[in-house]
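Peer 1: Quick one, fold the following:
(one chain, ligands or ions: 1)
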Amino acid sequence: MADSRSCTHARTYLMCPPEYFTVEYAINPWMNPDETVDTALAMRQWQRLHDAFTGLGHTVHTIKPEPGLPDMVFAANGATVIDGKVLGSRFMYQQRQPEAAAYLSWFRLHGYQVVREAGAVNEGEGDIVFAGRVVLAGHGFRTGELAQHEVAELFGLPVVSLRLVDPRFYHLDTALVVLDADTAAYYPAAFDDAGQAALASHFAELIEVKDEDAEVLGLNAISDGRHVVVPEQATGLVAQLAAAGFEPVTVDLSELLKAGGGPKCCTLELR
Ligand code: ARG
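Peer 2: Next up, the predicted model:
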């Protein structure tokens, strides 16, 4: 596929500036509280991601960060929004649990009519990934398997449940990126055999990503159907995207990577 993809439209995102970002606990294998974090640099990197989105014509809303919630910058985990309906999150680890209420109140204040609190543990778009006609639901490290029922019921869409098996890729959005309704890129080793088969039968085109690109969280990318905002360190994936007709837009979020996050983690799509 060499022609450039055309199915693009302006998106709306919610982001949270990393004002209080640090790594002070370890809830995934990337986090080392002994390593220094440059919060000012994280802010500048985040701002460039924000500006990359607005430069592409997308709208970005921001939520006010709260002191004591260093991971609140990872807005993707704050909720799941499809067709104006909001499913709140319920975090696995106590350190992040207060973020759920902060995000829920943002949606209530901004006029969203259907705002549902989660029953089962779910970490928002980190694990619940909209794929056009279906929703992909990752589980195994954070989001519980039971969350898929709430997702199916609230959004009225079929859910494809996917088990994650490699602790480095603890959220689905670290192991897979939906590029358009028929195309995704993924890291096969992050999934069990059933998950790999489910992905192969759902997507017409599946791009397999190499170890070295997955290991810099290259798959933590955001597609508008044409442009793909992707970590610059994932050079192999950048080339694969271009060869498939997408337009890669590279960003560097090296400070946020110290918490196990990348561009997609910082971005919650408001559909
Ligand atoms: N430190 C955060 C955590 O472990 C990183 C979250 C990354 N978010 C994501 N959507 N993958 O929860």
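Peer 1: When you work out contacts or count neighbours from here on, use the C-alpha atoms and nothing else.
Peer 2: Fine.
Peer 1: The residue of the stretch 101-250 of the chain found nearest the ligand and residue 219, how far apart?
Peer 2: Nearest residue of the stretch 101-250 of the chain to the ligand, counting by Cα to the nearest ligand atom: residue 126, 3.6 Å away. Noted for residue 126: a distance of 12 Å to residue 219, by Cα to Cα, to the nearest Å.
Peer 1: joint contacts of those two?
Peer 2: Listed as contacting both residue 126 and residue 219 by Cα atoms under 8 Å, 6 or more residues apart in numbering are 173-174.
Peer 1: who's in contact with residue 263?
Peer 2: Counting by Cα under 8 Å, 6+ apart, residue 263 touches 49, 220-222, 229-231, 251, 253.
Peer 1: Would you mind listing the two of those that lie farthest apart?
Peer 2: The most widely separated members of the contacts of residue 263, counting by Cα to Cα, are 222 and 253 (13.6 Å).
Peer 1: which helix of this protein spans the most residues?
Peer 2: Determined from DSSP state H, the single longest helix within the chain is helix 39-55.
Peer 1: How about the residues of the stretch 151-271 of the chain by the ligand?
Peer 2: Neighbours of the ligand within the stretch 151-271 of the chain, by Cα under 6 Å from any ligand atom: 171, 173-174, 259-261, 265.
Peer 1: Out of these, give me the one that has the most neighbours.
Peer 2: Neighbour counts for those, by other Cα atoms under 10 Å, peak at residue 171, which reaches 31 neighbours.
Peer 1: Tell me the confidence at that residue?
Peer 2: On pLDDT, residue 171 comes in at 98.
Peer 1: how much space is there between it and residue 245?
Peer 2: 27 Å.
Peer 1: my read: the residue of the stretch 101-250 of the chain closest to the ligand touches residue 175, true?
Peer 2: No: between residue 126 and residue 175 there is no contact under Cα atoms under 8 Å: 10.2 Å.
Peer 1: So residue 196: helix, strand or coil?
Peer 2: helix (DSSP: H, G, I helix; E, B strand; the rest coil).
Peer 1: ok, the closest residue to it other than its chain neighbours - how many residues close by?
Peer 2: Among residues not flanking residue 196 along the chain, residue 188 sits closest, at 6.5 Å (Cα to Cα, 6 or more residues apart in numbering). Residue neighbour count, defined by other Cα under 10 Å, stands at 19 for residue 188.
Peer 1: What of the one 3 residues further on?
Peer 2: Burial measure for residue 191: 23 neighbouring residues, criterion other Cα under 10 Å.
Peer 1: Which residue comes closest to it once chain neighbours are left out?
Peer 2: Once flanking residues are discounted, residue 191 sits nearest to residue 164: 5.0 Å by Cα to Cα, 6+ apart.
Peer 1: mind checking the backbone torsions on the one you found?
Peer 2: Dihedral pair for residue 164: phi -90, psi 140, per degrees, to the nearest 10.
Peer 1: confidence score at it?
Peer 2: Residue 164 carries a pLDDT value of 98.
Peer 1: OK, contacts around it?
Peer 2: 138-141, 170-172, 190-192.
Peer 1: Residue 142 now?
Peer 2: So residue 142 contacts 91-92, 121-123, 127, 170-171 (Cα under 8 Å, 6+ apart).
Peer 1: I'd like the distance between it and residue 64.
Peer 2: Going from residue 142 to residue 64 by Cα to Cα gives 24 Å.
Peer 1: Residue 266 too?
Peer 2: Here the criterion is Cα to Cα. By it, residue 266 lies 13 Å from residue 64.
Peer 1: shared neighbours of those two, anything?
Peer 2: Shared contacts of residue 266 and residue 64, counting by Cα under 8 Å, 6+ apart, come down to residue 16.
Peer 1: neighbour count winner among the two?
Peer 2: Taking other Cα under 10 Å, residue 266 and residue 64 do not tie; residue 266 has more neighbours (28 against 15).
Peer 1: picking that back up, quick check: the farthest pair among the residues of the stretch 151-271 of the chain next to the ligand?
Peer 2: 173 and 259, at 14.5 Å, using Cα to Cα across those.
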